[in-house]
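Peer 1: Predicted model and sequence below, questions to follow.
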Amino acid sequence: MLSQYLYISTAPTLPREEVDAILAASARNNPVRGITGLLLFNGRNFLQLLEGEENEVAALMETITADPRHAGVSVLDRRTIDQRACPDWAMNRVMIAESIESRREMLERDLPRGLDPEVRKMIVNFAVLN
Ligand SMILES: Cc1cc2nc3c(=O)[nH]c(=O)nc-3n(C[C@H](O)[C@H](O)[C@H](O)COP(=O)(O)O)c2cc1C
């Protein structure tokens, strides 16, 4: 059974190199575990979409929740999916544009097509917050 989780968390003083280290760990581990997804960081909060076999995603969620580099992990959505929205992304960093005006446009371009409209809306709403 394939599951998809969407969560947000807080990391107000995280150095940029730590975000790179998280992406490096994801690139190393996720393909082995069949995990795909995307990660947004706005300098203060993370939003991550994780998808894969339920047992793998649940185990990774436990690891991530215990990671001291962030706090306040809050699951926004958790659902069973028939197909992955991000089949080609071991963990893709989606950049948030500097200017708020161009954010929606940029996300419409960069977010995967296969996302459920409701999930897409939650991601866009996160990204347009200051
Ligand atoms: C916001 C956030 C997202 C993360 N996403 C992943 C991920 O997708 N895959 C992963 O393996 N580790 C992820 N991590 C890191 C894990 O918490 C953990 O440090 C890592 O899996 C340990 O990998 P290692 O055993 O190879 O050192 C994330 C951490 C944070 C703070």
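Peer 2: That came through, no problem.
Peer 1: which residues of the chain fall in helices?
Peer 2: 16-33, 54-65, 100-110, 117-127 (DSSP state H).
Peer 1: Out of those, point me to the one whose mean pLDDT is lowest.
Peer 2: Ranked by mean pLDDT, the helices of the chain bottom out at helix 100-110, which scores a mean of 88.
Peer 1: gap between that one and the chain center?
Peer 2: 16 Å (Cα atoms, centre = their mean, to the nearest Å).
Peer 1: Repeat that for stretch 51-71.
Peer 2: Per Cα atoms, centre = their mean, the centroid offset for stretch 51-71 relative to its chain is 11 Å.
Peer 1: Ends of it, what's the gap?
Peer 2: 21 Å (Cα to Cα, to the nearest Å).
Peer 1: Quick check: buried residues in that stretch?
Peer 2: By 16 or more other Cβ atoms under 10 Å, the buried positions in stretch 51-71 come out as 51-52, 56-57, 60-61, 64, 70. Backbone N, C-alpha and C define where each C-beta goes, glycine included.
Peer 1: check those residues against the ligand, which are close?
Peer 2: Near the ligand, judged by Cβ under 6 Å from any ligand atom, the entries from these are 60, 64, 70.
Peer 1: what residues does stretch 84-94 touch?
Peer 2: The contact list for stretch 84-94 (Cβ atoms under 8 Å, 6 or more residues apart in numbering) reads 2, 4, 19, 23, 26-27, 30-31, 35-41, 49, 51, 107, 110-112, 114-116, 119.
Peer 1: who's the nearest residue to Leu40 once chain neighbours are set aside bridged to?
Peer 2: Using Cβ to Cβ, 6 or more residues apart in numbering and skipping the chain neighbours, the partner closest in space to Leu40 is Leu47 (4.5 Å). In this entry, Leu47 is beta-bridged to Ile8, Leu40, by DSSP bridges.
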